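# curious how this folds, go ahead:
(3 chains)
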Amino acid sequence: MGRRLRAVYDWFDERTAIRSLLRKGLYEAVPVRGAWFYTLGSATLVLILLQLITGIFLTLLFVPSVTEAWQSLNYLKEHDAFGSIVRGIHLWSAYILLFVIGLHMVRTFFSGSYKRPRELIWVTGVGIFVLVLGMAISGAFLPWDQAAYWTAVVVTNIPAYTPFIGSFIRALWRGADTVGPITLSRTFGIHVWLLPAIRFPLIGAHLALLRKHGEFGSYVNYRGAYRSREGVDVPPAPAQRPIEPPYPAAPSDELWAAPLQTEDFYPHQTFKDGVISAALVVVVFVLAVVIGAPLEAIADPATTNYTPVPEWFFLPLDELLVLVPQQLIPLVLVLPTGGVLLLLALPFIDRGPERNPFERPAVMVPGAFAVLFVVILTLLGSGRLFNL
Amino acid sequence: MAHRDPRRLSRRQFGVLGTQVSGAVVAVLLGIPIVGFLLSPLFRQQQAVWRKVGDISGVPDGEPTKFEVAFPQDAWTTAENNLAVYVVKNGDNTKVFSNVCTHMQCPVRWDGSLHQFLCPCHGGLYDINGANVGGPPPKPLPQYVNRIEGTTLFVENRFTEEI
Amino acid sequence: MSTLLALIAPALQGLAAQLPAQGPQGHNIVGAQIAIGSLFSLHILIAGLVSGAAELGPAIEFLGYVRQRRSYDRLAHGLGRFITYYFSVSSTIAILLITVLLVGFWGHFWTTIVTIGWWPLFIEAWTFVLQVSLAYLWYYTWEPLRAFKGVHMAIGGLLAIASFLQVYMIDVIASYMLTPSNPQNPVRLALNPTSYPLTVHRTVGNLAYIGFAFGGFCAIRYLRAKTAEDKRFYDWAGSFGLLWGVSMTLLQPVVGYSYAKEIQLHSYGSWYKMMFGSLSPVFLWQITLLGIMFLTATLYFARRLRTDQAKGSGILKLLSVGMVLTTLLAAQPYALGFSYETVAAAGLNRPFWEGGLINPLGSMIPWKVLALMFYTLIAIAAVVWYLRGLPGVVWGHARRGEQRILMLMTILTMLMMVTMGFIRENGRGPYLISGEMTIQGQQDVQTTQPTPTPQPTP
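Coordinates of the predicted model:
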């Protein structure tokens, strides 16, 4: 029996070179130190794939029309228990994805992994982050219930404060001056086709570059991090397997040497990745079954007793909208845009070879403040909404 | 015999040029309709319609009263959209407000206890004349282009000033 | 303390004069308010330090472990010693406040609050038990547990959590007094409108306060140090304290503005009093003092770098100039009189060039909001450039000037704490619980006949 299988495998290998492909992919050297933190990246990928799969199956029922969107989802809720769970998974894995992708970014920022030659991994990563946010926002419009409709109105109104071209951007997104049928159709197309079409090549580039340079960008894998208790550098152990260049960074960085300890990607890292991803999927599943995806009343543009409440990941921006006085409203656009631009420019601002976060205060301190501001605004926003 | 005319393209140059030209042709032929399609909302004019709101003789003085008016939605949808209209009478003066907040277009409502229009999203406040008196809204509450025939109010689906 | 009292007392007298005279009890109110005000201020000045030290100390110990620096460990040890010395002082004042003053003068209020908020006070009492046990444990097991640093840091971590919980519980009570919500629902009580802003504001403030305080303390110690190692340590610790304090303080403008927004939405009378009414001069002083604090810190950064010819001193001088300009903008009064209320009452609420008494440059929106933003941005820039210049600094070389600035910073911070306490307590006036119980109402109960004890039914 085994020989038969081996023969089939050989047949395929002769035609596809699959053996060498698998060997390269599965038996790549990955660092031992910090391995559990690296599971955040694969967890992000797993959650994105979960979104893709549940999203595809949801398109088998959802109708992106202002008269039928809510009806189709209400039908799902009332008459299709399994479909409701799929929708619940789609919602909760979106929420958890945003959280995990944030953690992944913070980890990468902290460990200095964006430094030369890995700048483009960071840049593609920021692109993916922005696109994932775009997916979350565009997905929120689709159900066309009260929450979705008013989210669409407010979110499409934010770019209107851009000087000169603001109302044009708003009209482009809405498809007209007001939110209506064309908005829903456009947003559906953006959510299902346009953004994924840009995002998946970026993910591909992100992973390809990661493989090219190896997962050795973090400061914990370099000699400087291995000071002993007496503050003396421990010389690196000899490499346990031949490691291909070009990691680490350019040879002129004297502090840096080849990584200390490595192991095979499969099965050691895949085990850790699997544990974390499975745990997250279990959490998503439980939330989907227990809480599920809410569907409020159908959109009513004439309402005078509904209070639009933003999605949780929008809370900092919403609190900013409350606090910023009318003369300074463009600030609400400047801050997030400036933030994204700074993120994109990070590897080009912080060019020194020093990767230890405590030795990079010029970058860590503003980063820490940005994170703290976002956390504080979220807390204050949730307190305000609770007391409305 | 072997002397080449420098004005003639080499085979390689011809290949490069041909590739570029064919690429440009495809890009332009594909791009023009797509870009035009994307930008088309900027050039479409919204059709102005008049709709009857109702009899406003019963509206008390100084007490904003909500009415609903059905306007057609854009594009192909036949179902019409209900929008809220606030009618405020002050003696002879009648103002017809929309409840679209000038900050982020959230639905504004009249709050009797505050005696002001309140926007629940970010705490915007407008007084009974629609002036923006509190919170972030940068402009007064928008008013519908309207006409009153007798005691019946008609509104058009556009504001007196763009917001 | 007596200087502070001399500052507070006349203002309190002024406020008391605004209260309608209610017979012979009139003077008792003022006396009681002065007693409460001064003792509360004293309590906060010490308790804020203890809470801050209980939160910051373990964090510094952890940082020291990660970076393998002995100086962090020594600093954390010093903070632990401070807690053990002063915890009892602070708690004694608090007990005095509650048992004698609150129960004695404000019995009706106190019983109401304890009935409404019994569970936050109950939890708070247990956090005190935790804090005391953990603080002493943390300090006295320092050397014995040196080989088990993980365990020791866990004790410190628990101490920090207990300290935070304690502040959160008392803030539930304090915020309820300003913006009461439905007390029957514990979640609504704990998350009343100003509960989050006050807790965030106070936690960040305590952390800033302890930083500035030990900055000044280390300055004094530096000037008295005999050994080179001590000089190195106190120079570094003073700088660290100031750095930490400024970093926390620059989060405050956002939190404080949001706090004021919630007060505007849920307790409009108090908000109006602070912004436009009788407390607005004090509020103006507060925003000016904030600018002076930031300016002092930036000057310290500039000076300390210049002492060792480290890079960045020039930029920090520029940032100081920016801070001066921002402070001047923030200090602009809106009403060129006592307050907007008095100016409006006199019919003079027009710009001064139109014969009125209004200075448009002093309006909160947008000028003071811009000033607050610039405070934050310039302070972040100052911190970043100071940190970048630190590798060029040799600890132990600081001159007297820097140490004087550190001591000034401590005094300014204490002034800020007392100012804010004054604004908060008087902003709520004449209420003890906004919209529900007045200071007068509290006093009225005392002057009437004592309620007869219920007779058992035959």
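# alpha carbons only: can I get the host helix or strand of C:V383 in PDB?
Here C:V383 sits within helix C:369-389, counting by DSSP states H and E. C-alpha atoms of helix C:369-389 as PDB (Å, rounded to 0.1, in the frame of the first residue of the first chain):
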ATOM      1  CA  VAL C 369      -8.100  74.100  22.200                       C
ATOM      2  CA  LEU C 370      -5.300  75.000  19.900                       C
ATOM      3  CA  ALA C 371      -3.100  75.900  22.800                       C
ATOM      4  CA  LEU C 372      -3.800  72.600  24.500                       C
ATOM      5  CA  MET C 373      -2.900  70.800  21.300                       C
ATOM      6  CA  PHE C 374       0.300  72.700  21.000                       C
ATOM      7  CA  TYR C 375       1.100  72.000  24.700                       C
ATOM      8  CA  THR C 376       0.800  68.200  23.900                       C
ATOM      9  CA  LEU C 377       2.800  68.300  20.600                       C
ATOM     10  CA  ILE C 378       5.600  70.500  21.900                       C
ATOM     11  CA  ALA C 379       5.900  68.400  25.000                       C
ATOM     12  CA  ILE C 380       6.100  65.200  22.900                       C
ATOM     13  CA  ALA C 381       8.800  66.800  20.800                       C
ATOM     14  CA  ALA C 382      10.700  67.900  23.900                       C
ATOM     15  CA  VAL C 383      10.600  64.400  25.400                       C
ATOM     16  CA  VAL C 384      11.700  62.800  22.200                       C
ATOM     17  CA  TRP C 385      14.700  65.200  21.700                       C
ATOM     18  CA  TYR C 386      15.700  64.900  25.300                       C
ATOM     19  CA  LEU C 387      15.800  61.100  25.000                       C
ATOM     20  CA  ARG C 388      17.800  61.400  21.800                       C
ATOM     21  CA  GLY C 389      20.300  63.600  23.500                       C
END
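# quick one: buried residues of that helix?
Of the residues in helix C:369-389, C:369-376, C:378-389 count as buried by neighbour count, 16 or more other Cβ atoms under 10 Å in any protein chain shown. The way it works is simple: take the backbone N, C-alpha and C, and place the C-beta from them, glycine included.
# ok, stretch B:77-96 next?
Of the residues in stretch B:77-96, B:77, B:81, B:83-89, B:95-96 count as buried by neighbour count, 16+ other Cβ under 10 Å.
# export the residues you listed to a markdown table and append columns for secondary structure.
Formatted as a markdown table, the buried residues of stretch B:77-96 follow (DSSP: H, G, I helix; E, B strand; the rest coil):
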| residue | secondary structure |
| --- | --- |
| B:T77 | coil |
| B:N81 | strand |
| B:L83 | strand |
| B:A84 | strand |
| B:V85 | strand |
| B:Y86 | strand |
| B:V87 | strand |
| B:V88 | strand |
| B:K89 | strand |
| B:K95 | strand |
| B:V96 | strand |
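# ok, which pair from the residues you listed is furthest apart?
Greatest spacing in the buried residues of stretch B:77-96, by Cβ to Cβ: B:T77 and B:K89 (33.9 Å).
# for the stretch 101-250 of chain A, just list every one of the helices.
A:119-141, A:146-157, A:166-174, A:181-189, A:195-213 (DSSP state H, counting those that start in this stretch).
# tell me the confidence at the residue lying closest to C:A225 once chain neighbours are set aside?
Closest residue to C:A225 apart from its sequence neighbours, by Cβ to Cβ, 6 or more residues apart in numbering or on different chains: C:K231 at 4.5 Å. On the pLDDT scale, C:K231 is placed at 94.
# can you pull the contacts of C:K231?
By Cβ atoms under 8 Å, 6 or more residues apart in numbering or on different chains, the contact list for C:K231 reads C:222, C:225, C:395-396.
# which SS class is it?
Relying on three-state DSSP, one would call C:K231 helix.
# these two touch, right, C:I29 and C:I439?
Yes: counting by Cβ atoms under 8 Å, C:I29 touches C:I439, with 6.5 Å between them.
# number of nearby residues for residue 359?
Using chain A here. Number of residues near A:E359 (other Cβ atoms under 10 Å in any protein chain shown) recorded here: 14.
# ah, no, chain C please
Residues lying near C:N359 (other Cβ under 10 Å) number 16.
# which positions in the helix or strand of chain B at the bottom of the mean pLDDT ranking come out as buried?
Least confident helix or strand, chain B: strand B:132-134 with a mean of 86, by mean pLDDT, DSSP states H and E. Residues of strand B:132-134 classed as buried by neighbour count (16+ other Cβ under 10 Å): B:132, B:134.
# buried residues, the next helix or strand after it. List them.
Sequence order places strand B:144-149 as the next helix or strand after strand B:132-134, per DSSP H and E. Buried residues in strand B:144-149, defined by neighbour count with 16+ other Cβ under 10 Å: B:144, B:146.
# could I have the CA atoms of strand B:144-149 written out in CSV?
Extracted C-alpha coordinates of strand B:144-149, given in CSV (Å, rounded to 0.1, in the frame of the first residue of the first chain):
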residue,chain,number,x,y,z
TYR,B,144,-36.0,72.7,2.4
VAL,B,145,-37.0,74.7,-0.6
ASN,B,146,-40.7,74.9,0.0
ARG,B,147,-43.9,76.6,-1.0
ILE,B,148,-47.2,76.8,0.9
GLU,B,149,-50.5,76.8,-1.0
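# centre of the chain to it, how far?
Centroid separation between strand B:144-149 and its chain, computed with Cα atoms, centre = their mean, to the nearest Å, is 19 Å.
# phi and psi next, for the closest residue in space to B:Q47 that isn't next to it in sequence.
Of all residues not flanking B:Q47 in the chain, B:P72 sits nearest, at 7.6 Å (Cβ to Cβ, 6+ apart). When quoted as degrees, to the nearest 10, the phi and psi of B:P72 stand at phi -70, psi 150.
# isn't C:Y65 right next to C:K149, touching?
Yes: if you go by Cβ under 8 Å, C:Y65 and C:K149 touch, sitting 5.7 Å apart.
# what does chain C have sitting close to chain A?
Neighbours of chain A within chain C, by Cβ under 8 Å from any Cβ of the partner chain: C:66-68, C:181, C:191-193, C:195-197, C:200, C:247, C:250-251, C:254-255, C:257-258, C:261-262, C:265-266, C:365-366, C:369-370, C:380, C:383-384, C:387-388, C:390.
# restricted to helices, list these.
Per DSSP state H, helices hold the following members of the residues of chain C next to chain A: C:66-67, C:195-197, C:200, C:247, C:254-255, C:257-258, C:261-262, C:265-266, C:369-370, C:380, C:383-384, C:387-388.
# ok, and of these, which contact chain B?
C:261, C:265.
# spell out which parts of chain B neighbour chain A.
Residues of chain B lying close to chain A (Cβ under 8 Å from any Cβ) are B:38-39, B:41-42, B:44, B:46, B:66, B:68, B:73-77, B:79, B:81-84, B:99, B:103-110, B:120-123, B:132, B:135-138, B:162.
# buried ones among those residues?
Among these, the ones that count as buried by 16+ other Cβ under 10 Å are B:41, B:73-74, B:77, B:81, B:83-84, B:99, B:103-110, B:120-123, B:132, B:135-137.
# measure the residue nearest to B:Q47 to chain C for me?
38 Å (Cβ to the nearest Cβ, to the nearest Å).
# doesn't B:W50 make contact with that residue?
No: with contact defined as Cβ under 8 Å, B:P72 does not reach B:W50; the gap is 11.6 Å.
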